[in-house]
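K.L.:
just coords:
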């Protein structure tokens with residue numbers, strides 16, 4: 001059942017075609033989804049398929065192996081992923097966060113070395129900021145790198161890292177000056193001595209997304225791998241890229257709200273109680289009318305933000321508030337929709353149960369919603 005909404009002005013015919021093609025691919029993964037959830041990660045082959053289909057690094061320039069599109073292409077793929085309920089695929093971390101860091105801040109040599117492999121899926125990207133004792137406070141990271149000849153020697157650990165089990169290219173936030181400077185160093189992990197992956201973390205939701213601990217014990221990485229070639233710029237680089245990360249989180253929330261509304265409408269019109277469909281009860285209609293209103297508001301806000309991102313005018317405080325507000329609405333909507341499924345809504349065989357669990361982390365990662373409000377308030 002399709003939900004009527006405002007037209008997305010940013011979505012061109014080309015964006016729409018990308019959405020349709022990506023949706024077809026993501027829906028083809030449905031028969032593998034249960035096994036992936038049991039395994040705690042999607043198959044590595046799925047990354048190669050996404051690369052072959054052009055759904056990795058769609059906004060990266062063609063000269064670096066990308067699709068030559070804009071942020072709208074990434075948004076279309078993300079919305080298709082949400083519509084197919086494949087929240088566990090870490091493609092948007094890979095394409096929407098890691099690749100832009102390299103494109104916008106890397107040297108020409110770094111772009112040529114790393115972006116083509118990300119575009120094909122030969123490399124899986126991850127960004128490693130969070131540590132066991134450091135979450136949203138990025139200036140407090142303790143992982144450190146010291147110079148030794150032409151290399152850095154890195155020691156430290158990271159946790160809650162999306163794509164951690166599959167990744168072989170990590171944008172790592174670490175101190176290159178123990179007291180002050182944060183740098184981003186790109187770590188290529190294949191056959192890298194001293195690098196190890198911890199357990200694949202079990203989570204409340206996103207059960208098919210590999211989320212890992214990463215450990216660095218005297219890991220030797222060339223100094224030329226510091227992003228942009230100059231150390232100490234990591235915090236500035238992160239602040240410049242976090243608005244896109246936060247919009248990506250909001251867009252996945254927007255797509256999930258749409259799917260939840262569609263699934264719930266279909267269910268309540270078929271399910272009967274007291275001799276009539278649940279849809280006939282006024283409370284049901286009123287609740288779903290409220291959800292429809294939330295979806296219209298969320299979609300309009302996200303569409304406006306996508307246009308701003310494409311035009312380069314989305315600000316950090318705007319992105320922070322959008323991420324906060326949309327993810328709050330997402331969690332509320334999932335709760336309302338699950339309630340209308342009754343006991344079946346609590347069974348994981350029903351998509352709404354998985355969507356309910358998947359939604360909760362949206363208010364945490366990318367910066368907690370409390371931090372989002374704190375950041376935005378500084379500009380008021």
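P.N.:
On my side now, so go ahead. Model, not experiment: these values are computed from the prediction.

K.L.:
May I have the phi/psi pair for residue 192?
P.N.:
Phi and psi for residue 192, reported as degrees, to the nearest 10, are phi -90, psi 120.

K.L.:
tell me the contacts of it?
P.N.:
By Cβ atoms under 8 Å, 6 or more residues apart in numbering, the contact set of residue 192 is 219, 221. Backbone N, C-alpha and C define where each C-beta goes, glycine included.

K.L.:
Please apply the same query to residue 172.
P.N.:
Going by Cβ under 8 Å, 6+ apart, the list of residues near residue 172 reads 128, 143, 154, 158, 184-187, 216.

K.L.:
With respect to residue 375, which of these is nearest?
P.N.:
residue 184 (19.9 Å; Cβ to Cβ).

K.L.:
So the closest one: helix, strand or coil?
P.N.:
Three-state call for residue 184 (DSSP: H, G, I helix; E, B strand; the rest coil): strand.

K.L.:
cool, residue 177 as well?
P.N.:
Strictly by three-state DSSP, residue 177 counts as coil.

K.L.:
Can you get me a residue count around the closest residue to it other than its chain neighbours?
P.N.:
Leaving aside its sequence neighbours, residue 177 sits nearest to residue 232 (Cβ to Cβ, 6 or more residues apart in numbering; 6.7 Å). Using other Cβ atoms under 10 Å, residue 232 has 14 neighbouring residues.

K.L.:
All the helices of the protein, in order from the start?
P.N.:
13-27, 30-39, 44-52, 71-83, 91-93, 99-105, 108-120, 234-270, 282-311, 316-340, 351-359, 369-377 (DSSP state H).

K.L.:
which one of the contacts of residue 172 is nearest residue 55?
P.N.:
Nearest member of the contacts of residue 172 to residue 55, counting by Cβ to Cβ, is residue 186, at 22.6 Å.

K.L.:
list the contacts for the closest one?
P.N.:
Residue 186 touches 102, 106, 110, 114, 169-172, 221, 225-227, counting by Cβ under 8 Å, 6+ apart.

K.L.:
What residue, apart from its backbone neighbours, is nearest it spatially?
P.N.:
residue 225 (4.8 Å).

K.L.:
Could you measure from that neighbour over to residue 339?
P.N.:
50 Å (Cβ to Cβ, to the nearest Å).

K.L.:
For residue 87, give me its contacts.
P.N.:
Applying Cβ under 8 Å, 6+ apart, the residues contacting residue 87 are 81, 205-206, 208-209, 252, 256, 355, 358.

K.L.:
Most neighbours among the residues you listed, which one?
P.N.:
residue 256 leads the contacts of residue 87 on contacts (other Cβ under 10 Å) with 28 neighbours.

K.L.:
Residue 28: how many residues sit nearby?
P.N.:
Neighbour tally, residue 28, other Cβ under 10 Å: 11.

K.L.:
Same question for residue 370.
P.N.:
Look at residue 370: counted by other Cβ under 10 Å, it has 12 neighbours.

K.L.:
Contact partners for it?
P.N.:
Applying Cβ under 8 Å, 6+ apart, no residues qualify as near residue 370.

K.L.:
That one and residue 161: what is the separation?
P.N.:
For residue 370, the distance to residue 161 - Cβ to Cβ - is 22 Å.

K.L.:
And residue 104, by the same measure?
P.N.:
21 Å.

K.L.:
Look at these two and report which has more neighbours.
P.N.:
Taking other Cβ under 10 Å, residue 104 and residue 161 do not tie; residue 161 has more neighbours (25 against 14).

K.L.:
and that one, bridged to which residues?
P.N.:
residue 212 (DSSP bridges).

K.L.:
What separation is there between it and residue 143?
P.N.:
For residue 161, the distance to residue 143 - Cβ to Cβ - is 12 Å.

K.L.:
what does residue 210 give?
P.N.:
20 Å.

K.L.:
for residue 34, same thing?
P.N.:
36 Å.

K.L.:
So for those two, which sits in the more crowded spot?
P.N.:
In this view residue 34 and residue 143 are compared by other Cβ under 10 Å, and residue 143 has more residues nearby, 22 against 13.

K.L.:
and the more buried one, what does it touch?
P.N.:
Residues near residue 143 by Cβ under 8 Å, 6+ apart: 131, 154-158, 172-175, 216.

K.L.:
Do I have it right that residue 27 meets residue 84?
P.N.:
Yes - contact status for residue 27 versus residue 84: in contact at 4.9 Å, counting by Cβ atoms under 8 Å.

K.L.:
who has more neighbours, the two?
P.N.:
Taking neighbours as other Cβ under 10 Å, residue 27 and residue 84 compare with residue 84 leading, 21 against 14.
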